[in-house]
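In: Build me a structure from this.
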Amino acid sequence: MNSTPLRKIGLALAAGALLAGPASLSAQTEDFTLDTFDSGSQGSAPSGVGIWYGSCTAVWDGTQDNTGNGGGSLYITCPDDSTSDTPLNPYICMGGGNPWYVATSVDLTQYKSIDFDVKWDNTSAITVDEFDNVATWPAIYGTPVGQFNGDPGSHGFNIKAVTGGNGTFVQLGFTNIPTAASNGWQHISFPINTTIAGLGVCNGIDLEKWDANNANIVGEPTAKFWIDNIVLKGTAGPPPPPTVKLPVKAVPGLNVFSSTEGNSFYDRQEAELMQNSGLSWVGQATTANPVTYSFSIVGYPNSYNCEAYLFLSPNPAANDSAPDWNETNCAILFLQGNSNSATAHFQYKVNEAGGNTMYGGGGAYTNAPGSWNGTTPNYLESGNLATLPVSVGIYGTWTLEFTSNTNGTIIAPDGVSTNFVIPPYNAGYFAEQTSPAFNVYLGMQANAADGMNQAVVYGSFAISNTAAPFHENFLADTVLDTTNTWRTSVASGPNGVLVVPSKGAYWVEWTLPANGYSLQTSPVLNNPQDWTVPSTFPTIISLYGLDAQLVATNDITSGASLFFDLIKREVTQLQVLFPGETNAPNTTTGKTGTPTPAAENTEVDVVINAVDSTFHIVSSADSVAPTTTDSTATVTGLSGTGTVNLVNGTAIVPYYFGQAGSFTVSATDTTETNVLEGTSSPITVQ
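Out: Alright, predicted model coming up:
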């Protein structure tokens, strides 16, 4: 436990002044060695090394070692060909094992770089430079687009942190293999950007190369190289304290933030309707019974690049994060705009495998909708059916209306509309063949940096005149029902998909790293007792390089000034409470109430809290030893040493007082000697 003084920084909303308190000091983080590959079985994968997916192999090679003193290295074979878009994806875990089950983890924000040695195998089909930049490949190998969402391919591979089970990764960035590696071992020191969110628990490191258009690869331009001595280099000191950003007024409604790291600009952020039958227009829509899908926009990022979208996908088998990319059949209505103008598009694809085809991304499926003769086999279509530019802006209710299986209309908030026709031979792909058979998604995609950390806010959503109509007014909700109505797990950043109720006042954001910090607010600066912790919305939302918390109107006081502050609390003392007493931070005694009298030999649950100097409970796992002035008392739940471990700063210890009288219970921290002992108020035992 770190017992350094608390650290505070704050922001005055009225005056706009930034307040920085004294920085606390901590010891330098020591280097952490992931693997030196000094032992293993020739040709087999070492312990702690695996392949997440893709076509590469990673085995131990005892014939190559950078130290020259024996040992070995990790030999990686990267067979780039048309069979896999991910020819490279090995992971190296902390302490062996694999990232789905390994218990060892580190806080990656406490390290400054990932260092390793690399040597190129010159029997590779391509050179180092060609591996680093696929655009320089010999023409005989084709022309892949490159890697990772529009990256021109001018990087060797992407480095990711393995941050959770089931292949959860955070992108750290790209690096090249030095050209000189073809002549022998070269050292790479890859800096860690500690402001990236989600690095607090890292189980391993993943190396990835993704060729987005692998179908164009001809032959197998295999690359081979050795990796050795993977080390996390410790920091020279503590990371800089976080900085509070100017609060942003919250917009009530369904907030869908572009919040994720890594593949962030193109991540789909969305809520999927759990109801997945009786929602298709096919077989339901007529002129007298028009089927409509409508939603209102009440908040929008300051970015015309951003998309607000509605996905309609007749897929009964999957709850997909990107149905427009992955599913065979999908229709999409998406908007881009601002307060002055907006443009709506309706696009679809049918009978096509995953990919970017309906956005004009190339591949085999570029035939325009309506161009098929209805009989030619394997003639597939995708593309844009309708575009509606308007001058009223993006705010208001947008409607997608069908009056038959094929005839549709986009209707803007001001009533301006445009019609489209789905070719009859394609409309049937959107019918509900089985049940459940139709998935509906409402969400957003940033598409560029200027849309990050902002939200599309939906006020309402409705489906009318289908077999099972649906309607929800998000402005009347207090929370998003993710148990019965909406599925947010399909979003790349599920925590960033939430309802902001009417009492949501401000979003307060701060920079990273910010481990151990919590938000406070106060109407004044000069009275420590006036600072309170916003408790209405305690969940901290991870954004792109930031953390954010929603502050409610009831968590702030009215007046001319409002101040926000981040504080890193440190345990200074223990608090002992009896039934009838409640922890009360920022008070003289730190508690309210009086102990409830107890009877002899009946259970009395004594609460022990780790608190700071203002009696705020601080997360701690210290061991504490309780004692009592009743020599006849018995206690349960203690270890053989008479201690109990705190969980998130609190422990509950059942006491049985053995005689009548007035008694106290004290608690001593046995982990940290500089934490003050706590003693309860007297309890009366009858």
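
In: Just the CA atoms of the strand ranked longest in the chain, as CSV, please.
Out: When the chain is parsed with DSSP state E, its longest strand is strand 223-234. This file holds the C-alpha atoms of strand 223-234, laid out as CSV (Å, rounded to 0.1, in the frame of the first residue of the first chain):
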residue,chain,number,x,y,z
ALA,A,223,8.4,-13.8,-43.7
LYS,A,224,10.5,-15.5,-40.9
PHE,A,225,12.3,-13.9,-38.0
TRP,A,226,13.5,-14.5,-34.4
ILE,A,227,12.4,-12.6,-31.2
ASP,A,228,14.4,-12.6,-28.0
ASN,A,229,14.5,-11.0,-24.5
ILE,A,230,11.1,-9.3,-24.2
VAL,A,231,11.3,-6.9,-21.3
LEU,A,232,9.0,-4.2,-19.9
LYS,A,233,11.3,-1.3,-18.9
GLY,A,234,10.4,0.3,-15.6
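
In: Can you get me the centre-to-centre distance for the helix or strand that comes right after it and its chain?
Out: Counting by DSSP states H and E, the next helix or strand C-terminal to strand 223-234 is strand 248-249. When distances are taken as C-alpha atoms, centre = their mean, to the nearest Å, strand 248-249 is centred 22 Å away from the chain's centroid.

In: Show me what the longest strand of the chain packs onto, helices and strands only.
Out: Contact analysis of strand 223-234 by 3 or more C-beta pairs under 8 Å, 6 or more residues apart in numbering; DSSP states H and E lists strand 32-35, strand 73-78, strand 111-120 as its packing neighbours. Placement of C-beta: from N, CA and C, glycine included.

In: any chance you could map the helices in this structure?
Out: Taking DSSP state H as the test, the helices found in the chain are 128-132, 323-326, 424-427.

In: buried ones in the second one?
Out: Okay, so that is helix 323-326. Buried positions in helix 323-326, judged by neighbour count with 16 or more other C-beta atoms under 10 Å: 323-325.

In: Specify which member of those residues is nearest to Phe346.
Out: Closest approach to Phe346 among these (C-beta to C-beta): Asp324, at 12.4 Å.

In: returning to that earlier point: what are the pairing partners of the longest strand of the chain, and which direction each?
Out: Paired neighbours of strand 223-234 in the sheet (DSSP bridges): strand 32-35 (antiparallel), strand 73-78 (antiparallel), strand 111-120 (antiparallel).

In: Go ahead and confirm Ala449 touches Phe265.
Out: Yes: contact criterion C-beta atoms under 8 Å: Ala449 and Phe265 qualify, at 6.8 Å.

In: Can you pick out the residue with more neighbours from the two?
Out: The residue with more neighbours, out of Ala449 and Phe265, is Phe265; 20 against 13, by other C-beta atoms under 10 Å.

In: mind checking which helix or strand of this structure has the lowest mean pLDDT?
Out: Least confident helix or strand of the chain, by mean pLDDT, DSSP states H and E, is strand 18-20 with a mean of 33.

In: Next, format the buried residues of helix 323-326 as CSV and append distance to Asp481.
Out: Shown next, in CSV, are the buried residues of helix 323-326 (distance: C-beta to C-beta, whole Å):
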residue, distance to Asp481
Pro323, 22
Asp324, 25
Trp325, 27
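
In: re the thing from before, highest mean neighbour count out of the strands paired with strand 223-234?
Out: Among these, strand 73-78 has the highest mean neighbour count (mean count of other C-beta atoms under 10 Å), at a mean of 24.

In: I'd like the domain boundaries of the protein, if you could list them.
Out: 1-24+512-569, 32-234, 260-352+384-468, 573-685 (automatic domain parsing).

In: Comparing these by mean pLDDT, which bottoms out?
Out: Note on the domains of the chain: domain 1-24+512-569 shows the lowest mean pLDDT, a mean of 72.

In: Kindly reformat the helices and strands packed on strand 223-234 as a markdown table containing distance to Asn340.
Out: A markdown table is the format used below for the helices and strands packed on strand 223-234 (distance: least, C-beta to C-beta, whole Å):
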| stretch | distance to Asn340 |
| --- | --- |
| strand 32-35 | 52 |
| strand 73-78 | 49 |
| strand 111-120 | 45 |
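
In: who wins for proximity to Ala285 among these?
Out: Among the helices and strands packed on strand 223-234, the nearest to Ala285 by C-beta to C-beta is strand 73-78 (50.6 Å).

In: Need the residues that contact that closest one.
Out: Residues from elsewhere that reach strand 73-78 (C-beta atoms under 8 Å, 6 or more residues apart in numbering): 35, 37, 46, 49, 56-61, 64-66, 87-88, 90, 92, 117, 119, 121, 131, 207, 209, 222-228.

In: Convert the C-alpha atoms of that strand to CSV, please.
Out: Taking C-alpha atoms only, strand 73-78 is exported to CSV below (Å, rounded to 0.1, in the frame of the first residue of the first chain):
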residue,chain,number,x,y,z
SER,A,73,14.8,-17.5,-29.0
LEU,A,74,11.3,-17.4,-30.4
TYR,A,75,11.2,-18.3,-34.1
ILE,A,76,8.2,-16.8,-35.9
THR,A,77,7.0,-17.8,-39.4
CYS,A,78,4.5,-15.5,-41.0
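
In: was I right about Val607 contacting Val576?
Out: Yes: look at Val607 against Val576 with C-beta under 8 Å: they come within range, at 7.3 Å.
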